[in-house]
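S.K.: quick one: sequence and predicted model below, then my questions.
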Amino acid sequence: MTVEIHPRRLQGPWDAGFALDIHTGSTFLGNDQYGRPRFDTKRSPLGELLYRLKYKLDQTTIDPIVETVAAFLGAHHSPIDAIVPVPPSNVRTKQPVTLIANALSRRLAIPVCTTCVSKIRRTPPLKDITEYHKRVEALRGAFRVSREDTHGKSLLLFDDLYGSGATVSGIAEILKREGGAKAVYLLTLTRK
């Protein structure tokens, strides 16, 4: 079962990039009695599945997410040698991006490369840093690539949520510059 999506092209240091849908959408309802704005915020169908997986540990959402991603990739396919999940920024017992990447790997018969890029130092939570250049600075030197796993390959850089793009931009750049990747394609499930 696939869910309805509204893909959007993402610009950056990758060969092609897409976010499959928004994470949440808000409608302004007016101001409350204290003059503060009120909004009705709803998750997209894909955003809801991702939310349930990340915060409710509902692994039944993996199959519809993977089917949706596979259908999208089938329509926008470039040859891919490996799926590269973005290393997690926090510690969870089960990492949603890794769970989805592994299921997508089985579905498409494309290997997951967890050694292609690794996080080598802790970074502050990026959700607490609002300025793009400060995010980039916080990420400087945080990742290492394995040239033997990336050189000459076409890679699908995969993440769950696209915010400012600082993390995936930094990773895409080092996959190409230091890793010698032939091509880097970006796919995120949702975007802010």
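M.R.: That came through fine.

S.K.: every contact and neighbour count from this point should use C-alpha atoms.
M.R.: Noted.

S.K.: the helices in this structure, which residues?
M.R.: For the chain, the helices defined by DSSP state H cover 45-56, 62-75, 96-108, 132-139, 147-150, 166-177.

S.K.: now distance to residue 20 and mean neighbour count too, for those, in a markdown table please.
M.R.: Shown next, in a markdown table, are the helices of the chain (distance: least, CA to CA, whole Å; neighbours: other CA atoms under 10 Å):
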| stretch | distance to residue 20 | mean neighbour count |
| --- | --- | --- |
| helix 45-56 | 8 | 18 |
| helix 62-75 | 8 | 17 |
| helix 96-108 | 14 | 19 |
| helix 132-139 | 22 | 16 |
| helix 147-150 | 25 | 18 |
| helix 166-177 | 15 | 21 |
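
S.K.: could you save the ones you listed as JSON lines and add columns showing mean pLDDT and distance to residue 191?
M.R.: Putting those into JSON lines (pLDDT from 0 to 100; distance: least, CA to CA, whole Å) gives the following:
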{"stretch": "helix 45-56", "mean pLDDT": "94", "distance to residue 191": "9"}
{"stretch": "helix 62-75", "mean pLDDT": "94", "distance to residue 191": "15"}
{"stretch": "helix 96-108", "mean pLDDT": "96", "distance to residue 191": "14"}
{"stretch": "helix 132-139", "mean pLDDT": "81", "distance to residue 191": "16"}
{"stretch": "helix 147-150", "mean pLDDT": "96", "distance to residue 191": "26"}
{"stretch": "helix 166-177", "mean pLDDT": "94", "distance to residue 191": "12"}
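
S.K.: now those as CSV including distance to residue 118?
M.R.: Formatted as CSV, these follow (distance: least, CA to CA, whole Å):
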stretch, distance to residue 118
helix 45-56, 21
helix 62-75, 23
helix 96-108, 13
helix 132-139, 12
helix 147-150, 12
helix 166-177, 10
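
S.K.: among those helices, which comes closest to residue 27?
M.R.: helix 45-56 (16.3 Å; CA to CA).

S.K.: quick one: distance of the closest one to the chain centre.
M.R.: On the basis of CA atoms, centre = their mean, to the nearest Å, helix 45-56 sits 13 Å off its chain's mean C-alpha point.
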